[in-house]
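Visitor: Sequence and predicted structure below; questions after.
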Amino acid sequence: MSFFISNAWAEAAPAAGQGSPLAGLLPLIILFAVFYFMLIRPQMKRAKEHRKLISELAKGDEVVTSGGIGGKITNVGDSFVAIEIAEDVQVKVQKDAVTTVLPKGTLKEA
């Protein structure tokens, strides 16, 4: 009845002391190091720079928000900033929405 089924033979157990446990963990350690230096560390650096940018916002700065709106800051609060996007038109956005501080006079040129 078992024409197509071959017998399975157990392989001999490896001798004690072959290989070290560190050899099995080494690829995981290398992989974590690559992820840390290629992904985690640069992201932490960008977040730190963004926190610094937000803490230094001041009245008169020309900024661009994450939505692409550019304007001049007219009022800085604890959590929000008022941005003048056109003559007598102001919008209030969260500080975290500010992504870039432009050099003075940039918006006048556009």
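Guide: In hand now; what should we look at?
Visitor: Please make it C-alpha for all contacts and neighbour counts, starting now.
Guide: OK.
Visitor: residue closest to the middle of this protein?
Guide: Centroid check for the chain by C-alpha atoms, centre = their mean gives Gln43 as the closest residue, at 3.9 Å.
Visitor: For this protein, name the helix or strand with the lowest mean pLDDT.
Guide: Among the secondary structure pieces of the chain, namely its helices and strands, helix 106-109 has the lowest mean (mean pLDDT, DSSP states H and E), a mean of 80.
Visitor: what number of residues lie near Thr106?
Guide: Residue crowding around Thr106 was assessed by other C-alpha atoms under 10 Å; the count is 12.
Visitor: do the same with Glu62
Guide: Burial measure for Glu62: 23 neighbouring residues, criterion other C-alpha under 10 Å.
Visitor: correct me, but it touches Lys104?
Guide: Yes: between Glu62 and Lys104 a contact is recorded at 6.4 Å, counting by C-alpha atoms under 8 Å.
Visitor: what does the least confident helix or strand of the chain contact?
Guide: With contacts defined as C-alpha atoms under 8 Å, 6 or more residues apart in numbering, helix 106-109 is touched by Glu62, Gly70, Gly71.
Visitor: ok so the last one is a strand residue?
Guide: Spelled out, it's Gly71. Yes: Gly71: assigned to a strand according to DSSP: H, G, I helix; E, B strand; the rest coil.
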